[in-house]
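Asks: Need a 3D model of the following:
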Amino acid sequence: MRLSTRSRYGVRALTALANQEDTDGRCAREIADDEDLSKKYLESILAQLRTAGFVRSVRGARGGYILARSPSEITVAEVVRALEGSLALVECSDDPSYCERADDCVTRDVWVMAERALNDALGSVTIAGLVEKRRQNEPPKC
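Replies: Numbering: from 1, shown residues only. Sure thing, here's the model as predicted:
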């Protein structure tokens, strides 16, 4: 399983918004430039993140995007689910009726266990945690 660029860029965009020191909005162009992302693609991702309730758009001279929730309350798992859909590795883990063998399938248990581990891992990381890690990795400002 691979996460799409949509999820990776979405997490980076939210981290960039959370990392800003002021409360003014940031336009998609600024985020795209800072994160080395396509502006057009980022705008599409930000629209999905707005629909999912992670960001709000602000109009005006200091407009752009701001976080709609605290970065400590946004997990990577939530963002990935909003941008990708289910994190199910196989169809039958979400919907046992998908396969008539689901109740007796020993491999299904493996896929469900792996899916839970992935959800737990991504659910344990918040945008605030990523911001803190980013700040620790930044060179000191003179």
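Asks: Now the closest residue to N19 other than its chain neighbours: phi and psi?
Replies: Spatial nearest neighbour of N19, excluding adjacent residues (C-beta to C-beta, 6 or more residues apart in numbering): V131 at 4.9 Å. Glycine gets a C-beta too; all of them are placed from N, C-alpha and C. The phi/psi pair for V131 (degrees, to the nearest 10) reads phi -60, psi -40.
Asks: wait, what's in contact with S4?
Replies: Contact partners of S4, counting by C-beta atoms under 8 Å, 6 or more residues apart in numbering, are 83-84.
Asks: Can you classify V110 as helix, strand or coil?
Replies: Following DSSP: H, G, I helix; E, B strand; the rest coil, V110 is assigned to helix.
Asks: Now do the helices in the protein.
Replies: 5-19, 28-35, 39-51, 76-84, 91-94, 106-123, 127-137 (DSSP state H).
Asks: how about JSON lines for the ones you listed, with mean pLDDT and mean neighbour count added?
Replies: As requested, the helices of the chain are exported to JSON lines (pLDDT from 0 to 100; neighbours: other C-beta atoms under 10 Å):
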{"stretch": "helix 5-19", "mean pLDDT": "95", "mean neighbour count": "21"}
{"stretch": "helix 28-35", "mean pLDDT": "94", "mean neighbour count": "16"}
{"stretch": "helix 39-51", "mean pLDDT": "96", "mean neighbour count": "17"}
{"stretch": "helix 76-84", "mean pLDDT": "96", "mean neighbour count": "20"}
{"stretch": "helix 91-94", "mean pLDDT": "82", "mean neighbour count": "17"}
{"stretch": "helix 106-123", "mean pLDDT": "92", "mean neighbour count": "14"}
{"stretch": "helix 127-137", "mean pLDDT": "92", "mean neighbour count": "15"}
